[in-house]
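1. got a predicted structure plus its sequence, pasted below:
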Amino acid sequence: MHKLSMLSHNWLVLKSNNETLRNTLGEIRGTVYDLGCGVRPYEQEILQVADEYIGVDWSNSLHDLKAEIVTDLNKPLPIENAVADTVVSFQVLEHLREPQAMLREAHRILKPGGAIFVTVPWQWRIHEAPHDYFRYTPYGLKYLFEQAGFVDIEIKAQAGFFSMLTLKMNYFSLRLIRGPRPLRWVLRAIFNIIWLLDQILAPIVDKLDRNWELEASGYSLIAYKKGINPQERFIEE
């Protein structure tokens, strides 16, 4: 899981991502391929419920390269058909020029009845430029996954309007910490308090919005490759 510092400007989004995975661990099993694995923040948690974890990433990653398979996710993957029980991909789809190509390949390498779990940002700042190409609504996600052949698609919002707005303000305020070192210390101390309080309050205020999921910072999605009823995935033969 991501390590959280309550004085950080963005601990709320990391906490949300951690909770999203924690709530999905019951659907992860067997051999897991992490497409766009980065620094593998969820490897240990996944291995608590899975048999094998295989990281896949490209050589131009801005993070330390920690992948067993190095390849471009925009192109056919050097992985055999139907070898994965689960495919995961965290905050990666927006960085692909050809997202549909990756989804088709994920479908190909999954076993019948296998699951794919994905998280993507929605209202989020440009990051890892210039490799930041898309933002996805839940309707766009559903369409892309259906076109790739997936079924039983379930999409959930992460955070709401006030959490999203708070994180945007915090990222902006981070840029204001500049000047001589003593001034930077003072500014950071002030902002640390603001960041702590606003990220505690934002999820509480989110609950005042009946349609909070329409202003989400991002979405998570789980879907399946047709072949076995999802409820039968954990029945031992």
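-> Received it, and whenever you're ready, just let me know what you need. All values derive from a computational prediction rather than experimental measurement. Numbers count the residues shown, from 1 in each chain.
2. what strands line up against the top strand by length along the chain, and which way round?
-> Secondary structure assigned by DSSP state E gives strand 110-121 as the longest strand of the chain. Counting by DSSP bridges, the strands paired with strand 110-121 are strand 84-90 (parallel), strand 218-225 (antiparallel).
3. mind listing what's buried in the longest one?
-> If you call a residue buried by 16 or more other Cβ atoms under 10 Å, then strand 218-225 has these buried ones: Gly218, Tyr219, Ser220, Leu221, Ile222, Ala223, Tyr224, Lys225. From N, CA and C alone the C-beta is placed, and that goes for glycine too.
4. kindly report the same for stretch 116-126.
-> Going by 16+ other Cβ under 10 Å, stretch 116-126 has these buried residues: Ile116, Phe117, Val118, Thr119, Val120, Pro121, Trp122, Trp124.
5. could you do stretch 125-141 as well?
-> For stretch 125-141, the buried set under the neighbour-count rule, 16+ other Cβ under 10 Å, comprises Tyr136, Pro138, Leu141.
6. cool, and stretch 158-176?
-> Of the residues in stretch 158-176, those buried by neighbour count under the rule 16+ other Cβ under 10 Å are 158-167, 170, 173-174.
7. let me know the closest of those to Arg22.
-> Gln158 (12.8 Å; Cβ to Cβ).
8. run through the residues that contact Gly30.
-> Residues near Gly30 by Cβ atoms under 8 Å, 6 or more residues apart in numbering: Ala50, Asp51, Glu52, Ala84, Asp85, Thr86, Lys111, Gly114.
9. so what's His9 closest to, chain neighbours aside?
-> Taking Cβ to Cβ, 6 or more residues apart in numbering as the measure, His9 lies nearest to Asn170, with 4.0 Å between them; neighbours along the chain are not counted.
10. so what touches the helix or strand hosting that neighbour?
-> Following DSSP states H and E, one finds Asn170 within helix 161-174. Surrounding helix 161-174, the residues in contact under the criterion Cβ under 8 Å, 6+ apart are 9-10, 12-13, 16, 123, 125, 159, 191, 194-195, 198-199, 201-203, 205-206, 209, 212, 215-217.
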